[in-house]
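>>> I would like the atomic coordinates for the input below:
(one chain, ligands or ions: 1)
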Amino acid sequence: MLPKYYEFFNPVKINAGVEALETVPYELKLLNAKRPIIITDRGIVGAGLLEIVLTGFDDSDITIGAIYDQTPPDSSLKTVNDIVKIYNENKCDSIIAVGGGSPIDTAKGVNIVISEGDSDIRKFMGVDRLSKEQKPLIVVPTTSGTGSEVTLVAVINDVENNVKMPFTSNMLLPKVAILDPRMTLSLPPRITAATGMDALTHAVEAYTCLQKNPMSDAYATAAISLIRKNLAKAVKTGKDVKARFAMANASTMAGAAFSNSMVGAVHALGHACGAIAHVPHGNAMAILLPHVMRFNFDKIEKYYAELLLYLAGEEEYLNTPKKSRAKRAIETIELLNQKLNNLSGMPIKLSDAGVKKSQIDSIAKTSMNDGSMLPNPKDLTIEDVIKILEAAF
Ligand SMILES: [Fe+2]
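Modelled structure (predicted):
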């Protein structure tokens, strides 16, 4: 059924394929930029990925104004302010983010401070608080999961006050996303598996949340098919360029889907597992997804049944009796989790991901205040959350 009203906005130019990185200097030129700062982390430098990015500038007349390679795993207020200083000192005029979620979120945070001309980023926390055109931002993801290259969200950690600050604005959308499979070839199997399950969760939640719409459905289902065919392959054979490229596409599609609908309770509980027990986001997604689906089952069995086609393929969809399809969709995700666990050791229980039984209550409490709870198709009480966490333990 068509919703009464929805919006879909995805203005990010996507340059995708082997050697897509070579287009970055030209894209900067089109954006009138001459001195970009590169924001990345030590892991990217160590894996030789920054080198590949820099090689793309060999024949160009663009000057790299500065390189910041100390981004921590959780983007922080201090890091944002440090980078702003470096950006200004080196008279940069644009930003290239190279990395997973943290360098990308950090780059969006830096962009807010520079573009708004205000050193206190906290003023811009929340929805639609930005007023100035942002500096050109080009994003080069090095994982296939977050979808941050096409989302309007940034989360920056205020470590001193122990607050995760969310920023949401269409202005935060990057100008260009570069999907170059060379950037994910060296990603370890466990991280490939977990980030891939994050992408799958984006797609499943986008397809089933209260703000689902026909456009986000199209991106979500296409992403799920690509993940079915390629995630295990990319985990098993990291150097499989085709599988890596397909996963990069899937992750970006799933990002565009949830950026234009929403996520749901898997993300609310997962954020809390991250905050209280430091469970990496992708691991929390993989573990919680089937359990939250079971909870939502009676409300949206129809949508889960539809998803079996993309999760399991045409043959299995047709061979599964209509009334069993939704249940089979959940089982298919559990089987994928099991497969990824066998291939990479990716945890599939909260107790194996570092959660202690004594933390369940505070995880539940924290998750109740998470914005991702609101668009979940079925309301959750704190008792429901505790039950889900215990089942996933
Ligand atoms: Fe996610």
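>>> give me the number of residues near Met125?
Neighbour count of Met125, defined by other CB atoms under 10 Å: 15. Bear in mind the C-beta positions are built from the backbone N, C-alpha and C, glycine included.
>>> Name the nearest residue to it, sequence neighbours excluded.
Met165 (4.8 Å; CB to CB, 6 or more residues apart in numbering).
>>> contacting residues for the one you found?
Applying CB atoms under 8 Å, 6 or more residues apart in numbering, we find Met165 in contact with 77, 121-122, 125, 155-158.
>>> give me that answer again for 7 Å
For Met165, the contact set (CB atoms under 7 Å, 6 or more residues apart in numbering) comprises 122, 125, 155-156, 158.
>>> what's the answer for Arg328, then?
For Arg328, the contact set (CB under 7 Å, 6+ apart) comprises 308, 312, 320.
>>> Grab the CA positions of the helix or strand of the chain at the bottom of the mean pLDDT ranking and hand them over as PDB.
Here the helix or strand of the chain ranked lowest by mean pLDDT, DSSP states H and E is strand 163-168, holding a mean of 88. Only the C-alpha atoms of strand 163-168 are listed here, as PDB (Å, rounded to 0.1, in the frame of the first residue of the first chain):
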ATOM      1  CA  VAL A 163      26.700  11.800  25.400                       C
ATOM      2  CA  LYS A 164      26.400  10.600  21.800                       C
ATOM      3  CA  MET A 165      25.400  13.700  19.800                       C
ATOM      4  CA  PRO A 166      23.200  13.100  16.700                       C
ATOM      5  CA  PHE A 167      23.100  15.500  13.800                       C
ATOM      6  CA  THR A 168      20.500  15.100  11.100                       C
END
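>>> ok, Leu49 touching Thr184?
No. Counting by CB atoms under 7 Å, Leu49 stays clear of Thr184, with 9.2 Å between them.
>>> Which neighbours do these two have in common?
Joint contacts of Leu49 and Thr184 (CB under 7 Å, 6+ apart) are Thr142.
>>> quick one on the thing from earlier: could you list the buried residues of the least confident helix or strand of the chain?
Neighbour counts over strand 163-168 (16 or more other CB atoms under 10 Å) mark 165, 167-168 as buried.
>>> Who's the closest spatial neighbour of the residue nearest to the spatial centre of the chain, skipping the chain neighbours?
The centroid of the chain falls nearest to Thr146 when counting by CA atoms, centre = their mean (1.4 Å). Counting by CB to CB, 6+ apart, Thr146 lies nearest to Gly101, which is 4.2 Å off, once chain neighbours are set aside.
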